[in-house]
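J.: got a sequence here, can you build the structure:
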Amino acid sequence: MNYRELSEQELIDLFISGDESCIKELFRRHKSRVYTYIMLIVKDRELAEDIFQETFIKVIKSLRKGRYMDKGMFLSWVMRIAHNLIIDHYRKLKHLKVTSADQSDTDLFNSRKFAEGNVEDKMVQNRIEQEVRQLINLLPDDQKEVILLRHYGDMSFKEIADLTNVSINTALGRMRYALINLRKIIEEKNLSLTAF
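T.: Below you'll find the predicted structure:
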C-alpha cells in the first residue's frame, strides 16, 4: 500500500485499526514543522530532540487509546501536545532551581542580589506573570496560540503565519483580538497587573 497517497485521516484510521506502519507516514509529513516549532521555543538542540521524541510517543499512545478527536486538525493537535510538553519541562525546571550556600565561596544571603526589595520585586513579577498566563488560557485557541508563539516563543508574525498555515494578516488580526480580549477580561475582573 502506498501510504503517501492516503489522507491524514485515512492514515490515522488505519493506525487505530492496527496498521502500525501508518504512523511513519504521519511522522514523515509533520516531523519538520513540529521539530522547528519546539526548537524555536526551547533554543537547545538536545532538549528539542527529547521533547520531539516525547511528543510523538505521546501521539502514538493517545491515538492507541482513542484520544484523538480533532478530525482534520492532526498537526494542530500534535503542536498542542508539543507545546504542553514544553510548558511541563519549564515548570519542572523552575521547581528544581535551588541554590545552596554550601556550593558557593561567597555568602549568598549577604548579597545585593538577594536583598529584600529585589526578592520581593521578583515575587511580585512572578505573580503578575502567572496571572497573565492564566488570563491567556481564557482566550480562544487561535488567539492563545499566536500570543504564546509571539511572546513566549519569540517568533515573528511571518514564522507564526507559516507554522499555523494562515496569512500574516490573519496572524496579526488574531494578536489584535487577543490583546483586545485580554484588556476586556482584565477590566471585567477588575484586575491590577502592576507591582503597586
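J.: could you pull out the helices in this protein for me?
T.: Assigned helices in the chain, in chain order: 8-16, 22-42, 45-64, 74-96, 116-136, 141-147, 157-164, 168-188 (criterion: DSSP state H).
J.: in a markdown table: these, plus distance to residue 1, mean pLDDT and mean neighbour count.
T.: The way it works is simple: take the backbone N, C-alpha and C, and place the C-beta from them, glycine included. Output for those, formatted as a markdown table (distance: least, C-beta to C-beta, whole Å; pLDDT from 0 to 100; neighbours: other C-beta atoms under 10 Å):
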| stretch | distance to residue 1 | mean pLDDT | mean neighbour count |
| --- | --- | --- | --- |
| helix 8-16 | 9 | 91 | 16 |
| helix 22-42 | 9 | 89 | 18 |
| helix 45-64 | 18 | 93 | 16 |
| helix 74-96 | 19 | 84 | 15 |
| helix 116-136 | 43 | 69 | 12 |
| helix 141-147 | 34 | 87 | 20 |
| helix 157-164 | 30 | 84 | 18 |
| helix 168-188 | 36 | 89 | 15 |
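J.: residue 2 is nearest to which of those helices?
T.: For the helices of the chain, proximity to residue 2 was assessed by C-beta to C-beta; helix 22-42 is nearest, at 9.4 Å.
J.: quick one: the closest one to helix 8-16, angle?
T.: Orientation check (axes from the mean of the first three to the mean of the last three C-alpha atoms, to 10 degrees): helix 22-42 against helix 8-16 gives 110 degrees.
J.: alpha carbons only: can I get helix 22-42 in PDB?
T.: Extracted C-alpha coordinates of helix 22-42, given in PDB (Å, rounded to 0.1, in the frame of the first residue of the first chain):
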ATOM      1  CA  CYS A  22       0.900   4.300   9.000                       C
ATOM      2  CA  ILE A  23       2.500   6.300  11.900                       C
ATOM      3  CA  LYS A  24       5.700   6.500   9.900                       C
ATOM      4  CA  GLU A  25       4.000   8.400   7.100                       C
ATOM      5  CA  LEU A  26       2.300  10.800   9.600                       C
ATOM      6  CA  PHE A  27       5.600  11.300  11.200                       C
ATOM      7  CA  ARG A  28       7.300  12.000   7.900                       C
ATOM      8  CA  ARG A  29       4.700  14.600   6.900                       C
ATOM      9  CA  HIS A  30       4.900  16.600  10.100                       C
ATOM     10  CA  LYS A  31       8.300  16.000  11.700                       C
ATOM     11  CA  SER A  32      10.000  19.100  10.200                       C
ATOM     12  CA  ARG A  33       7.300  21.600  11.400                       C
ATOM     13  CA  VAL A  34       6.900  20.000  14.800                       C
ATOM     14  CA  TYR A  35      10.700  19.900  15.400                       C
ATOM     15  CA  THR A  36      11.100  23.500  14.200                       C
ATOM     16  CA  TYR A  37       8.300  24.700  16.500                       C
ATOM     17  CA  ILE A  38       9.900  23.100  19.500                       C
ATOM     18  CA  MET A  39      13.400  24.300  18.600                       C
ATOM     19  CA  LEU A  40      12.200  27.900  18.100                       C
ATOM     20  CA  ILE A  41      10.900  27.900  21.700                       C
ATOM     21  CA  VAL A  42      13.500  25.900  23.600                       C
END
